[in-house]
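Engineer: starting from these lines, generate the structure:
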Amino acid sequence: MEVILLERIAKLGQMGETVKVRDGFARNYLLPLGKALRANAANKARFDAERATLEARNLERKSEAQKVADVLDGKSFIVVRSAGETGQLYGSVAARDVVEILGAENFVIGRNQVELNTPIKTIGLHKVVIHLHAEVEISVELNVARSGEEAERQAKGESLTSADAIYGVDEDALRPEDFFDPDADRDGDEE
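Structural biologist: Prediction:
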């Protein structure tokens, strides 16, 4: 199906272009959300008549998104989650969690604006891309840790997946004598 785009769509085209898309994509996404019109003579004339209004509205949305981007770009957010000794989370951090974290800081972001192809399943510093507008994209850093103290240590560049980092024990310095007494009698008889 051929459609006329009413706004810029990533990987598809610019406003005003006539593009060929799959029928389902047009019927289920582009047309219902008002992002496109069916390509016919009447709609082409309608688009030409409304072009100035659409461009002004798009420019206004872009400027609003840019204001938010200027404040949000490069910020770091701490996410506290339970995790095992190897740094594997018992749950995960998904797009809806990112929306909640940003919402707690008074940023209104939709779940479809967060580009997180797979959920975060390990502790560490993770970059997450957020699309505020078709032409405005930023990234934020999520500091996923077991506690606030660990998040601070992690932000300084420390790895928290070793026993030394978790318990303060140097794994390489451990010797068998640290765990048992080599002079002890093995059969349990005390003489």
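Engineer: quick one: Ser139 is in a strand?
Structural biologist: Yes: Ser139: assigned to a strand according to DSSP: H, G, I helix; E, B strand; the rest coil.
Engineer: how close does it get to Leu132?
Structural biologist: Per C-beta to C-beta, to the nearest Å, Ser139 is found 11 Å from Leu132. No exception for glycine: its C-beta is placed from N, CA and C like everyone else's.
Engineer: do Glu152 as well
Structural biologist: Plainly put, Glu152 is 29 Å away from Leu132 if you go by C-beta to C-beta.
Engineer: and the two? Which one has more around it.
Structural biologist: Shown here are Glu152 and Leu132; by other C-beta atoms under 10 Å, Leu132 has more neighbours (22 against 13).
Engineer: the more buried one looks like it's in a strand, true?
Structural biologist: Yes: assessed by three-state DSSP, Leu132 belongs to a strand.
Engineer: torsion angles phi and psi at Gly91?
Structural biologist: phi -120, psi -140 (degrees, to the nearest 10).
Engineer: which phi and psi does the residue most central in space within the chain have?
Structural biologist: Nearest to the mean C-alpha position of the chain, by C-alpha atoms, centre = their mean, lies Val128 at 3.5 Å. Phi and psi for Val128, reported as degrees, to the nearest 10, are phi -130, psi 130.
Engineer: just checking, it touches Asn143?
Structural biologist: No: using C-beta atoms under 8 Å, Val128 is not in contact with Asn143; the gap is 11.3 Å.
Engineer: surely Val80 and Glu152 touch.
Structural biologist: No: using C-beta under 8 Å, Val80 is not in contact with Glu152; the gap is 11.8 Å.
Engineer: shaky segments in the chain?
Structural biologist: Within the chain, the ranges that satisfy pLDDT under 70 run 160-191.
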